[in-house]
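[1] need a 3D model of the sequence below.
(one chain, ligands or ions: 1)
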Amino acid sequence: MTLSRSQIIGVGSFLPEKVLTNQDMTAIVDTNDEWIVKRTGIKQRHIAGEGELTSDLGREAALRALAAAQVKAEEVDLLILATTTPDNTFPATAARVQAQLGITKGPAFDVQAVCSGFVYALATADNMLRLGQAKTALVIGAEVYSRILDWEDRGTCVLFGDGAGAAVLRAVEGNGQLPERGILSTHLYADGTRYEQLYVDGGPASTGTAGHVRMQGKEVFRFAVNSMATSVRTGLEANGLTVEDIDWLIPHQANSRIIAKVGDALGVPNDKVIVTVQDHANTSAATIPLALTHGFERQLFKPGDLVALTAMGGGFTWGSAILRW
Ligand code: ACO
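    Just a heads-up that it's a prediction; the model follows:
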């Protein structure tokens with residue numbers, strides 16, 4: 001077995017041009033800025049333009065991540081794209097992005113784990129890189145939730161937005177020992193018995209239509225806080241680390257109250273928790289790479305910093321990744 005780790009060497013994100021503020025939402029459903037901000041922290045969401053697809057958002061984020069990593073698309077030999085809103089039922093949106101970027105090596109496939117999609121995709125890429133099945137991976141989270149929202153349901157349509165984020169990972173070998181920097185561990189979970197608490201009421205096999213997001217908000221809220229905090233604790237313990245070792249906590253950006261409660265449950269101070277949900281709402285699989293890019297572009301992460309990522313989403317699915325920047 002080689003002594004290697006996967007390192008994130010560049011990240012990037014992309015948000016569509018069109019913005020819908022909370023004030024704009026009042027023209028669509030019976031809502032108001034005060035309710036949305038107080039319950040969720042969300043101030044605005046970006047909406048993909050007509051004809052703008054998940055692959056378009058994912059490709060733009062990927063190009064920015066590749067530029068940040070100073071890696072050419074030809075060097076990529078693994079592409080994993082996390083999405084719940086693929087361009088088509090098949091082929092995988094990952095394959096479309098692969099072609100658009102001119103990547104000709106290695107596999108390209110989608111991962112479907114809803115809001116946990118990026119953590120699932122990152123874990124999959126990490127395992128493949130450490131096994132030597134690829135050297136340079138592009139991991140993308142991209143969504144156009146605006147296409148699966150019921151724009152008459154004020155309980156859900158105010159919560160989501162469109163966007164994409166990407167990370168370039170490279171397998172790095174240590175000199176006779178494991179490199180100190182890179183992904184230290186990933187932990188993934190699912191509980192399919194909670195299907196009805198968060199699902200889309202359509203799909204190719206059930207209705208033949210894309211369907212709309214349906215959610216029992218309070219149940220999701222409770223489960224999200226508990227599962228994200230627990231999976232971070234499990235990740236830390238697996239590495240002999242404690243909460244005090246965390247330099248940056250990046251929870252899935254669904255709702256600022258969930259994020260604050262995850263931080264409180266773990267005992268991580270607010271100034272170590274990255275929050276971007278106010279700017280783009282819940283973009284599902286894209287929120288973590290959007291928040292990662294926010295921190296990266298502001299040079300918040302110093303070499304050696306311990307970064308904990310965690311997400312929870314439909315399925316239910318959840319998990320964490322602990323990495324040394
Ligand atoms: N504007 C104004 N009023 C609203 C809106 C809205 N957009 N939506 C619902 N309301 C009303 C309801 O109709 C209800 O009115 P009533 O008391 O007259 O019946 C009232 O507000 C309270 O509704 P609740 O659903 O009980 O509100 P709650 O306090 O639970 O907040 C929320 C709802 C924000 C959805 C909350 O449950 C939540 O954050 N849940 C987590 C859901 C989430 O983030 N999901 C994302 C996907 S999963 C994930 O990413 C982890």
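[2] pretty sure Tyr120 is in a strand, no?
    No: with DSSP: H, G, I helix; E, B strand; the rest coil as the criterion, Tyr120 is located in helix rather than a strand.
[3] quick check, pLDDT for the residue lying closest to it once chain neighbours are set aside.
    Spatial nearest neighbour of Tyr120, chain neighbours left out: Ala113 (4.0 Å); criterion: Cβ to Cβ, 6 or more residues apart in numbering. C-beta: built from backbone N, CA, C; applies to glycine. On pLDDT, Ala113 comes in at 98.
[4] can you report how many residues neighbour Ala113?
    Ala113: 27 surrounding residues under other Cβ atoms under 10 Å.
[5] residue contacts, the residue of the stretch 201-325 of the chain found nearest the ligand?
    Nearest to the ligand, among the residues of the stretch 201-325 of the chain, is Gly217, at 2.7 Å (Cβ to the nearest ligand atom). Contact analysis of Gly217 by Cβ atoms under 8 Å, 6 or more residues apart in numbering lists Gly155.
[6] okay, it: pLDDT?
    95.
[7] any idea how far it lies from Glu34?
    According to Cβ to Cβ, to the nearest Å, Gly217 stands 18 Å off from Glu34.
[8] quick check: the residue nearest to Tyr120 touching Ala123?
    No: the criterion here is Cβ atoms under 8 Å, and Ala113 misses it with Ala123 at 9.8 Å.
[9] near the ligand, which residues of the stretch 51-200 of the chain?
    115, 154-155, 158-159, 198 (Cβ under 6 Å from any ligand atom).
[10] in strands, which of these fall?
    Among those, the members falling in strands (DSSP state E) are Leu198.
[11] among the residues of the stretch 51-200 of the chain next to the ligand, which lie within helices?
    Taking DSSP state H as the definition of helices, those contribute 154-155.
[12] could you pick out the buried ones from the residues of the stretch 51-200 of the chain next to the ligand?
    115, 154, 158-159, 198 (16 or more other Cβ atoms under 10 Å).
[13] quick check: the farthest pair among those?
    Greatest spatial distance among those (Cβ to Cβ): Cys115 and Arg154, at 20.3 Å.
[14] so where's this structure uncertain?
    1-2 (pLDDT under 70).
[15] how about the contacts made by Asn239?
    Contacts of Asn239 (Cβ under 8 Å, 6+ apart): 184-185, 322.
[16] kindly report the same for Thr136.
    So Thr136 contacts 71, 75-78, 168-171 (Cβ under 8 Å, 6+ apart).
[17] of the residues you listed, grab the buried ones for ChimeraX.
    To isolate the buried members of the contacts of Thr136 in ChimeraX, using 16+ other Cβ under 10 Å:
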select :71,76,77,78,168,169,170,171
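[18] need the contacts of Thr136 in a markdown table with secondary structure, can you?
    Shown next, in a markdown table, are the contacts of Thr136 (three-state DSSP):
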| residue | secondary structure |
| --- | --- |
| Val71 | coil |
| Glu75 | helix |
| Val76 | coil |
| Asp77 | coil |
| Leu78 | strand |
| Val168 | strand |
| Leu169 | strand |
| Arg170 | strand |
| Ala171 | strand |
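[19] looking at the contacts of Thr136, which one is closest to the ligand?
    Nearest to the ligand among these, with distances taken as Cβ to the nearest ligand atom, is Leu169, at 23.9 Å.
[20] for the closest one, which residues count as its bridge partners?
    Ile8, Ala137 (DSSP bridges).
[21] so it sits against Val11, correct?
    No: look at Leu169 against Val11 with Cβ under 8 Å: they stay out of range, at 10.1 Å.
[22] where do the helices of the stretch 51-200 of the chain begin and end?
    54-69, 93-101, 117-130, 154-157 (DSSP state H, counting those that start in this stretch).
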